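>>> Prediction below, plus the sequence it came from.
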Amino acid sequence: MEKINARRIALDVLVDIEKNNAFSNIALQRALKNKEIEDRDRRFVTELVYGVIENKIYLDYIINILSKIKMNKIKLEVLNILRIALYQIIFLDRIPSAAAVNESVKLVKKIEFGATGYVNGLLRSYLRRMDELTLDKEHMDIAEYLSIRYSHPKWLVDKWLQDFGEVFTEGLLKENNETPPLTVRTNTLKTSKSALMKELIAEGLEVEAGKYTQEALHIGNAASIEKLKSFQQGLFQIQDESSMLVSHVVNPRPGDFVADLCAAPGGKTTHMAQLMENKGKISAWDIHAHKVKLINEAARRLGITIVDARCFDAKELDETFLEKADKVLVDAPCSGLGIIRKKPEIKYNKSLEEIEGIAELQLDILKNGAKYVKKGGYLVYSTCTIEKQENVGVMKRFLEGNQDFELADINETLPENLRTEQKYLQLYPHIHGIDGFFICKFRRVR
Ligand SMILES: C[S@@+](CC[C@H](N)C(=O)[O-])C[C@H]1O[C@@H](n2cnc3c(N)ncnc32)[C@H](O)[C@@H]1O
């Protein structure tokens with residue numbers, strides 16, 4: 001069998017992401033699936049792929065200075081070989097620079113023999129000149145400096161500087177390039193947190209309790225978690241703590257009827273089913289049929305029977321649900337700028353226009369969601385973004401147009417370390433250490 005070359009796999013994944021606009025997690029999964037690859041190599045491939053995407057603007061800034069060929073004329077494969085090499089030299093202390101250069105030269109020889117001299121020359125030139133290539137914050141425009149240093153598009157840095165100020169923005173940008181721990185939610189329908197902890201430790205994982213929710217566990221050294229027996233037995237679900245907080249704010253009770261309008265892949269649906277002790281009903285909708293399947297798969301694995309998943313566009317009104325629900329959740333499609341740590345390509349794919357469009361979509365879905373709520377019932381709005389035009393902006397616009405609703409107090413459903421004066425919760429990765437999320441809750445009073 002051919003020896004697995006981690007750098008080669010990382011290269012293929014990076015080219016796939018750029019050429020086909022693939023999502024990093026899906027491209028990685030596809031490339032690693034069915035490969036006999038040790039956990040250590042699997043982690044190295046993942047580290048290279050995420051590291052390069054996270055730092056792409058910075059790596060390209062250096063390549064642009066050193067290259068004799070214009071950036072847009074460099075073949076994608078060669079460009080990514082350079083990025084992988086520079087990423088290792090600059091960011092991975094444990095890899096000697098000479099090894100990073102030699103391995104990249106070997107790789108380019110196999111893939112684009114004619115570019116061998118170019119790659120070798122550029123990398124050696126970096127090693128000679130690296131001191132003079134460091135960014136000089138004092139003499140640069142602050143937005144330009146932050147944009148290159150932390151590889152976020154300039155328009156986004158400008159926006160965040162305006163919204164949050166320099167210190168906050170730099171903290172956020174820095175954290176966005178960190179790797180978050182993998183977090184899982186105990187399936188309390190099948191086990192307890194302490195029993196699951198023991199099980200995972202016995203399976204060779206490093207496990208720690210979460211910071212905010214009683215079901216959460218952080219996993220230190222997971223490589224292929226879905227292969228674990230405990231996963232296949234449905235003892236847990238992979239889910240960030242921010243996302244778990246949403247279901248706690250919804251606070252569904254056993255016997256409730258809950259409508260979850262944007263539900264796939266079912267993280268919050270299945271969590272709410274747990275909180276309902278698998279009693280009552282959850283109608284879980286998603287616009288994409290292939291994603292509806294994921295809700296059903298998750299429910300089956302976790303032993304949940306109260307979920308009725310369907311393919312439906314929540315912008316449409318389903319009159320059969322009018323005033324039927326005790327609780328409605330709109331976990332809305334959003335710009336996703338709170339989860340850049342997990343999906344770093346998000347920062348390159350967004351635009352101001354898209355943020356505006358998505359805020360309108362959220363408002364449309366919320367307006368319909370409101371119509372399904374019983375008198376005295378609740379509507380919860382959540383996103384995985386930190387953008388004010390969505391979040392607080394949409395929350396205010398919803399309240400202006402829906403006089404039957406008022407903001408409900410969410411504090412009693414939050415852990416003490418997250419209680420807030422405001423009647424909504426905005427989480428930031430660099431402040432709370434979990435995904436950037438927004439959560440608020442409306443009560444139908446009339
Ligand atoms: C943030 S994700 C939901 C995550 C899910 N609640 C969970 O916890 O696993 C938003 C979902 O909304 C779906 N979506 C987008 N537009 C929609 C629409 N018009 N109607 C229903 N679902 C929609 C997307 O397919 C996506 O799965």
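Yep, it's here.
>>> What's the local residue count around the residue nearest to L228 when sequence neighbours are not counted?
With sequence-adjacent residues excluded and distances taken as C-beta to C-beta, 6 or more residues apart in numbering, L228 is closest to E203, at 5.4 Å. Bear in mind the C-beta positions are built from the backbone N, C-alpha and C, glycine included. E203: 15 surrounding residues under other C-beta atoms under 10 Å.
>>> Pop out the phi and psi values for E203.
phi -80, psi 0 (degrees, to the nearest 10).
>>> Any chance you could list what contacts the longest helix belonging to the chain?
Counting residues, the longest helix found in the chain (DSSP state H) is helix 352-371. Under the contact criterion C-beta atoms under 8 Å, 6 or more residues apart in numbering, helix 352-371 has outside partners 155, 159, 259, 261-262, 314-317, 321-323, 328, 330, 332-335, 379, 381, 383, 387, 389-390, 393-394, 397-398, 401-402, 404-405, 442, 444.
>>> just so I have it, where are all the helices in the stretch 201-350 of the chain?
Counting by DSSP state H, counting those that start in this stretch, the segments of the stretch 201-350 of the chain that form helices are 229-232, 241-250, 267-275, 289-302, 346-349.
>>> of all those, which lies closest to S151?
Checking these against S151 by C-beta to C-beta gives helix 346-349 as the closest, at 7.8 Å.
>>> for that closest one, the distance to its chain's centre please.
12 Å (C-alpha atoms, centre = their mean, to the nearest Å).
>>> Return the set of buried residues in that helix.
I346, K347 (16 or more other C-beta atoms under 10 Å).
>>> same question for it, mean pLDDT?
Across helix 346-349, the average pLDDT comes to 93.
>>> can you tell if it touches the ligand?
No. Shown here: helix 346-349 not in contact with the ligand (C-beta under 6 Å from any ligand atom), separated by at least 12.3 Å.
>>> one step back: ok, now how distant is the residue nearest to L228 from the ligand?
Distance of E203 to the ligand, computed by C-beta to the nearest ligand atom, to the nearest Å: 24 Å.
>>> dump the residue contacts of that residue.
L228, K229, S230.
>>> Report the spatially nearest residue to I53, omitting neighbours in sequence.
Among residues not flanking I53 along the chain, P344 sits closest, at 4.4 Å (C-beta to C-beta, 6+ apart).
>>> hang on, isn't that neighbour packed against N176?
Yes. Assessed by C-beta atoms under 8 Å, P344 is found in contact with N176 at 7.5 Å.
>>> Common neighbours of these two, please.
The contact lists of P344 and N176 share E54, where a contact means C-beta under 8 Å, 6+ apart.
>>> count of residues packed around the residue of the stretch 101-250 of the chain found nearest the ligand?
The nearest approach of the stretch 101-250 of the chain to the ligand comes at S243, 5.6 Å away (C-beta to the nearest ligand atom). S243 is flanked by 25 other residues according to other C-beta under 10 Å.
>>> List the contacts of it.
S243 neighbours (C-beta under 8 Å, 6+ apart): G267, K268, H271, C384, D435, F437.
>>> Show me which residues of the chain are close to the ligand?
243, 261-268, 285-288, 291, 313-315, 331, 333.
>>> okay, and the helix or strand of the chain with the least pLDDT?
Lowest mean confidence among the helices and strands of the chain (mean pLDDT, DSSP states H and E): helix 24-32, at a mean of 90.
>>> for that one, packing partners?
For helix 24-32, the elements it packs on are helix 6-20, helix 39-54, judged by 3 or more C-beta pairs under 8 Å, 6 or more residues apart in numbering; DSSP states H and E.
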